[in-house]
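Peer 1: here you go, sequence then predicted model.
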Amino acid sequence: MVTFVRVLGQVQRKVCLTQGMMTRDDDAVRTIIELPAAQIEALARFCRQEGVSRAEAIRRAVDKLVAGSETAEAQRKLQAGFGLWRGRSPDGRRHIEALRAEWEGRP
């Protein structure tokens, strides 16, 4: 199999001697997706510019989507927890001081 890769801005020919070699994950699953013509054209331009296959470009896009989703979920959790101690008695500082005082007298 012959592919072309971009290295330091120059397209180079790369020959793979092992047919059917999986390049990313040994447990990959083939998936069929439908894209409008405009997305196919944009994807083809991106793949030519980056020197990657459609599959690799889509894998990268999914990685970014998932990473962004995980980051957004972490932000939502932080925001949900922010200020939970507000209005409670004792306040957070006094609570921590009380916990520390319990431990001061222990060996």
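Peer 2: Here it is on my side, so go on.

Peer 1: C-alpha from now on. contacts and neighbour counts both.
Peer 2: Noted.

Peer 1: now do the strands in the protein.
Peer 2: For the chain, the strands defined by DSSP state E cover 2-7, 10-15.

Peer 1: got any ranges where this structure has weak pLDDT?
Peer 2: By pLDDT under 70, the weakly predicted segments of the chain are 1-27, 107.

Peer 1: look at Thr31 and say how many residues are nearby.
Peer 2: 6 (other C-alpha atoms under 10 Å).

Peer 1: list phi and psi for it.
Peer 2: In terms of degrees, to the nearest 10, the main-chain angles of Thr31 are phi -130, psi 140.

Peer 1: look up how far Pro90 lies from it.
Peer 2: Plainly put, Thr31 is 56 Å away from Pro90 if you go by C-alpha to C-alpha, to the nearest Å.

Peer 1: where is the longest helix in this structure?
Peer 2: Of all the segments of type helix in the chain, defined by DSSP state H, the longest one is helix 54-81.

Peer 1: which other helices and strands contact it?
Peer 2: Applying 3 or more C-alpha pairs under 8 Å, 6 or more residues apart in numbering; DSSP states H and E, we find helix 54-81 packed against helix 37-50.

Peer 1: could you measure from Arg93 over to Glu104?
Peer 2: Noted for Arg93: a distance of 17 Å to Glu104, by C-alpha to C-alpha.

Peer 1: repeat for Ala28
Peer 2: Per C-alpha to C-alpha, Ala28 is found 56 Å from Glu104.

Peer 1: and Arg59, by the same measure?
Peer 2: For Arg59, the distance to Glu104 - C-alpha to C-alpha - is 55 Å.

Peer 1: what's the residue of the chain most remote from its centre sitting at in phi/psi?
Peer 2: In the chain, the residue that sits farthest from the middle, by C-alpha atoms, centre = their mean, is Gly105; the gap is 47.5 Å. Note on Gly105: its backbone torsions stand at phi -80, psi 0 [degrees, to the nearest 10].

Peer 1: all good on my end, thank you.
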